[in-house]
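Q: build me a structure from this.
(chains A and B)
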Amino acid sequence: MLVEMIGLTKHFGTTKAVSDFTVTLQDGELTSLLGPSGCGKSTVLNMLAGILPPTSGQILFDGEDVTNLAPERRGIGLVFQNYALYPHMTVLQNITFPLEIQNVPREERLQRAREMAQLVHVDKLLERKPKQLSGGQQQRVAIARALVKRPRLLLLDEPLSNLDARLRLEMREEIRRIQQQTQVTTVFVTHDQEEAMSISDNIVLMKDGYLQQQDAPQALYNNPVNQFVADFLGNPPINHLYGALKNGQFVLEDGSAAFTLPMDVTAIQAERPLVLAIRAESAEIAQPGEQAVFDALIESVYTMGKEALAYLKVGTQEMRIYIDPDEGHQAGENIRVALKQRGVFLFDRETEARLL
Amino acid sequence: MNAKTKAHVGTLLLAGGFLLFLYGALTIIVDNAIAFSTRTATAATAEPRINESLFAGLTFAGIALMAIGLYLNHSWQTRRVVGRSLTYFFLTLGAVLMIFPFFWMFSSAFKTAQEVATFPPKWLPSRLSFDNFVIAFAKADFARYFLNSIIITASSVFFTGITTILAAFAFSRLKFPGRDLVFTLLLSMMMIPFEMLVITNYETIALWRMIDTLPALVIPFLSSIFYTYILRNFFLSIPDSLYWSARVDGASNWRYLWKVMVPIARPSLVTILLLNAISAWNSFMWPMLIINSPGNRTLPLGLYVFMTDAGINFELLMAASTVVVLPIILLFLFARKQIINGVARGGLKG
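A: Model prediction:
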């Protein structure tokens, strides 16, 4: 189902939770609503579900205006962070509950519930009570209950946050599999960028109630529109070097280092305060004779299996880059660093807008 | 003295001290009980009294020995045993105190009029006879009272249950202006003692010309702020996400309440209804004010028949009381787990 949100705004008293939010979700895609806590992503989800009425703006499902439609008439499935299973009902009763409300005949009810239980792999647990299930199993049941009435839109509100690290990975893949098998249009709310990157067709990144950028995960990572997007995605976080351009060179703000950038900077006005953002994998130890290099001192090295993270001092500022652990670089060593083309961005210090 | 002997001596002292304590304390209690029960009889028939100070001394010596024993051997096993013993000692004491009146009632219900009045009292009746029950039931229309009590209790439980569930839902789940203010006002009304409300309630009932009718016994108790408060708090502990899941699935408020909230709140609800049933069954003051004609009496009122100006027929009163108390005791025995669960389990574990 095509979901359009047009100028969606939600105010709680004087707090502006969501402002002028315009986003289109494509049919059959899994879209993540990503952002730090308090960015308004759950508010958007609740407006999609019909739990919260928007202050202004419109929501269209396949072109039909559903802005003021009651939750039960929107044809959505909803999964909460705490699963919200009915504790007094068995797994089977939980899954059949939505069908029971819709007065689906008993035979069909049971058949559809069984099919759904098979899809999410809980068909052996149908007679258990939610308390007798693990967190991952409860989550599967909650997804089955949301899907059994064949919703047009599946809404998942931080569905993995209550699970431990291993289960989280497992359920992430499961949700992806179930979504691709059913082809249901899905909205997945999360604050975990790694989760969003790995699971979604499309990411909607939000901050303070405003849309920042909507794009495919890799496009978002490689081509952020502003510093917030660049900062929010990626682990370890992107490096910041503060400075300005002088005579075509990037000079750190206290002048402690200066070097040429691997891109065309002629369009940027000199002396304008800038942030040079460099992903940890976008810088490497320079080969002799390479262009666009600068001096750095290795402060410490953390080896993590196949790669090592080196903490560098560049002039008076710091950055982290990935190095090859087999080359045996050690703390205290002076090196030369070269920047790659990809994963190096220039942002305006004031507006955080992307310049290059 | 090495540690091992010390521990052994400690254990011995503990055991010995405990026996000494039991012997001393029980002797004093039994002696006093005998003395008390024979106090009106002539001095000649009275048993010679024991030397009380001697046994008090033994009791305290026992306590002292136990203290020394505990000092010598205070390994965690010993401390656990001593702790458990103390717990069970006081629990037993409490249980005996609680059960004794009931035992006395049951036993007296089978005694003859002479046996009830005998000194020293007889613990058990000399023969098992249901005469008292037959006489008591012949003296007043207890079948009628019993029926009245059941009608009052059942309707009170039914209506209170419904009003409590609906009010608790409104005050926890629905949003309307002034909700919390109204609820605070209702709560503050719990401060007014029932005895004060009796006057206005009586006037209302009199105005409605319902004095001496059975409905008048139920109407003032159709709703209960206290039970509403308990159930509302339980409802508040049920997460919002459950409500929204049900709403998204198409359940109305009404359906959500009966299909999800009430079943989840069942332990709390059962406790509330049982408490309500017990208080309705036992209520005495209000029926006494309202009911005049014998045909409308409830069981507690019916017991009044045996308190005449000429004195109290204890054996009949006890027989009738047994019948009055029995349903409540049976109820408790069967629903014990529910009552305790409901009281002990405050929140909802997900």
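
Q: residue contacts, whatever residue of the stretch 51-200 of chain B ends up closest to chain A?
A: Here the residue of the stretch 51-200 of chain B nearest chain A is B:Lys175; by Cβ to the nearest Cβ that distance is 12.6 Å. Where C-beta positions appear, they are placed from N, C-alpha and C, glycine not excepted. By Cβ atoms under 8 Å, 6 or more residues apart in numbering or on different chains, no residues touch B:Lys175.

Q: equivalent analysis for the one 4 residues further on, please.
A: Counting by Cβ under 8 Å, 6+ apart, B:Arg179 touches B:Ala170, B:Phe171.

Q: quick one, what contacts residue 140?
A: The chain I'm using is chain A. A:Val120, A:His121, A:Val122, A:Met171, A:Glu174.

Q: switch to chain B, that's the one I care about
A: B:Pro294, B:Arg297, B:Gly302, B:Val305.

Q: which parts of the stretch 151-300 of chain A are helices?
A: A:165-182, A:193-199, A:217-222, A:227-232 (DSSP state H, counting those that start in this stretch).

Q: could those go into TSV alongside mean neighbour count?
A: Supplementary listing: those in TSV, determined by neighbours: other Cβ atoms under 10 Å in any protein chain shown:
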stretch	mean neighbour count
helix A:165-182	16
helix A:193-199	20
helix A:217-222	17
helix A:227-232	21
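
Q: tell me which of those approaches B:Phe55 most closely.
A: When the helices of the stretch 151-300 of chain A are compared by Cβ to Cβ, helix A:165-182 sits nearest B:Phe55, at 67.3 Å.

Q: and that closest one, C-alpha only, in PDB?
A: Provided in PDB are the C-alpha atoms of helix A:165-182 (Å, rounded to 0.1, in the frame of the first residue of the first chain):
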ATOM      1  CA  ALA A 165      21.900  -8.800  21.600                       C
ATOM      2  CA  ARG A 166      21.800 -12.300  20.000                       C
ATOM      3  CA  LEU A 167      18.100 -12.500  19.800                       C
ATOM      4  CA  ARG A 168      18.000  -9.100  18.400                       C
ATOM      5  CA  LEU A 169      20.100 -10.100  15.400                       C
ATOM      6  CA  GLU A 170      18.000 -13.300  15.000                       C
ATOM      7  CA  MET A 171      14.600 -11.400  15.100                       C
ATOM      8  CA  ARG A 172      16.000  -8.700  12.800                       C
ATOM      9  CA  GLU A 173      16.500 -11.300  10.100                       C
ATOM     10  CA  GLU A 174      13.200 -12.900  11.000                       C
ATOM     11  CA  ILE A 175      11.300  -9.700  10.600                       C
ATOM     12  CA  ARG A 176      13.000  -9.100   7.200                       C
ATOM     13  CA  ARG A 177      12.100 -12.700   6.100                       C
ATOM     14  CA  ILE A 178       8.500 -12.400   7.200                       C
ATOM     15  CA  GLN A 179       8.200  -9.000   5.600                       C
ATOM     16  CA  GLN A 180       9.600 -10.200   2.300                       C
ATOM     17  CA  GLN A 181       7.500 -13.400   2.400                       C
ATOM     18  CA  THR A 182       4.200 -11.400   3.000                       C
END
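
Q: tally of neighbours for the residue nearest to B:Trp104 when sequence neighbours are not counted?
A: Setting aside the residues directly before and after it, B:Trp104 is nearest to B:Met318 in space (Cβ to Cβ, 6 or more residues apart in numbering or on different chains), at 7.9 Å. If you count neighbours by other Cβ atoms under 10 Å in any protein chain shown, B:Met318 ends up with 22.

Q: tell me the pLDDT at B:Met318?
A: Predicted confidence (pLDDT) for B:Met318: 88.

Q: ok, it - contacts?
A: Here B:Met318 is in contact with B:Trp104, B:Met105, B:Phe106, B:Ser108, B:Ala109, B:Val116, B:Asn132 (Cβ under 8 Å, 6+ apart).

Q: quick one: A:Tyr302 is in a strand?
A: Yes: remark: A:Tyr302 belongs to a strand, assigned using DSSP: H, G, I helix; E, B strand; the rest coil.

Q: ok, B:Ile135 touching B:Ala320?
A: No: here B:Ile135 does not reach B:Ala320: they are 9.8 Å apart, not a contact under Cβ atoms under 8 Å.

Q: give me the more crowded residue out of the two.
A: Taking other Cβ under 10 Å, B:Ile135 and B:Ala320 do not tie; B:Ala320 has more neighbours (26 against 14).

Q: list the contacts of the residue in the stretch 251-350 of chain B that chain A sits nearest to.
A: In the stretch 251-350 of chain B, the residue that lies nearest chain A is B:Pro263 (4.4 Å; Cβ to the nearest Cβ). If a contact means Cβ under 8 Å, 6+ apart, then B:Pro263 has A:Tyr86, A:His88 as its contacts.

Q: before we move on, what SS does it have?
A: Judged by three-state DSSP, the three-state class of B:Pro263 is helix.

Q: also A:Leu346?
A: From three-state DSSP, the assignment for A:Leu346 is strand.

Q: that one: neighbour count?
A: Should you count by other Cβ under 10 Å, A:Leu346 turns out to have 20 residues around it.

Q: wait, it sits on A:Val275?
A: Yes: contact criterion Cβ under 8 Å: A:Leu346 and A:Val275 qualify, at 7.3 Å.
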